[in-house]
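J.: Next comes the sequence, and after it the predicted model I'd like to discuss.
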Amino acid sequence: MEFDEQKFEKVKQETKDFYSGVSKVRCPYLQAEVHFNEDGFNHLLAKSWNRGRSAKEQYARLKLLPQAIDIIKDSHTLQEFDECQMFVRQKINSRWEKRLKMVRYYIFVAFLRERAIRLKIIIKEIEGGVPFFWSIYPSWKIKTRYDGSPKKVFYSGDPEED
């Protein structure tokens, strides 16, 4: 199946409009508001501030975004947690600087029965800030083995890039 660039651009614009209409959503597990800021939307399009994602990967994440809001609203159980100190790029006094901060990742998993996919939603919290939406992605995909049979491949790894 060939990738349709016009369809991708349309989905990208619709999702951007949808995303900008959502400012925050209450998460029962965190007992706090999860903010939907520009960083989260940009992370759907790029792994880091200077490394983009492929158009197909962007498209998949953009199409899944509306489910993230419902999953965050209903999340009472945390499936994964990661905490580390890292240099965070922040704008301070009109300049971009890197500062060492404690960063926490809260990862929620949901299974969408009607679409038979398992999604991971990552909420990021930087020391001194509020929790915000960071990413959504399918936590597995089906690959075809050499003999034609399906094989599930699980995603795992660095929450900063996933």
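T.: That came through, no problem.

J.: Please settle this for me: is Phe108 part of a strand?
T.: Yes - under DSSP: H, G, I helix; E, B strand; the rest coil, Phe108 falls within a strand.

J.: To what extent is it buried, counted in neighbours?
T.: By other Cβ atoms under 10 Å, the residues close to Phe108 number 23. Every C-beta, even on glycine, is put in place using the N, C-alpha and C of the backbone.

J.: Could you list every helix and strand that the longest helix along the chain packs against?
T.: The longest helix of the chain (DSSP state H) is helix 55-74. Here helix 55-74 touches helix 5-20, strand 24-27, helix 38-45, strand 95-112, strand 117-126, strand 132-138, going by 3 or more Cβ pairs under 8 Å, 6 or more residues apart in numbering; DSSP states H and E.

J.: buried sites along the helix or strand following it?
T.: Later in the chain than helix 55-74, the nearest helix or strand by DSSP states H and E is strand 80-92. Neighbour counts over strand 80-92 (16 or more other Cβ atoms under 10 Å) mark Val88 as buried.

J.: can you check stretch 30-48 too?
T.: Within stretch 30-48, the residues scored as buried using 16+ other Cβ under 10 Å are 30, 34-36, 40-41, 43-45.

J.: Which of the residues you listed lies at the shortest distance from Glu9?
T.: Nearest to Glu9 out of the buried residues of stretch 30-48 is Leu45 (Cβ to Cβ; 12.3 Å).

J.: For the residue nearest in space to the middle of the chain, which non-adjacent residue is closest in space?
T.: What sits nearest the mean C-alpha location of the chain, by Cα atoms, centre = their mean, is Ser135, with 0.7 Å. Excluding the flanking residues, the one nearest Ser135 by Cβ to Cβ, 6 or more residues apart in numbering is Ile122, at 4.3 Å.

J.: List just the one of the helices and strands packed on helix 55-74 that sits closest to Met86.
T.: For Met86, the closest of these is strand 95-112, at 5.4 Å, according to Cβ to Cβ.

J.: Show me what the closest one is packed up against.
T.: Contacts defined by 3+ Cβ pairs under 8 Å, 6+ apart place strand 95-112 against helix 55-74, strand 80-92, strand 117-126.

J.: Generate JSON lines for the helices and strands packed on helix 55-74, with mean pLDDT and distance to Arg51 as supplementary columns.
T.: Converted to JSON lines, those look like this (pLDDT from 0 to 100; distance: least, Cβ to Cβ, whole Å):
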{"stretch": "helix 5-20", "mean pLDDT": "90", "distance to Arg51": "18"}
{"stretch": "strand 24-27", "mean pLDDT": "95", "distance to Arg51": "27"}
{"stretch": "helix 38-45", "mean pLDDT": "90", "distance to Arg51": "11"}
{"stretch": "strand 95-112", "mean pLDDT": "91", "distance to Arg51": "16"}
{"stretch": "strand 117-126", "mean pLDDT": "91", "distance to Arg51": "17"}
{"stretch": "strand 132-138", "mean pLDDT": "90", "distance to Arg51": "14"}
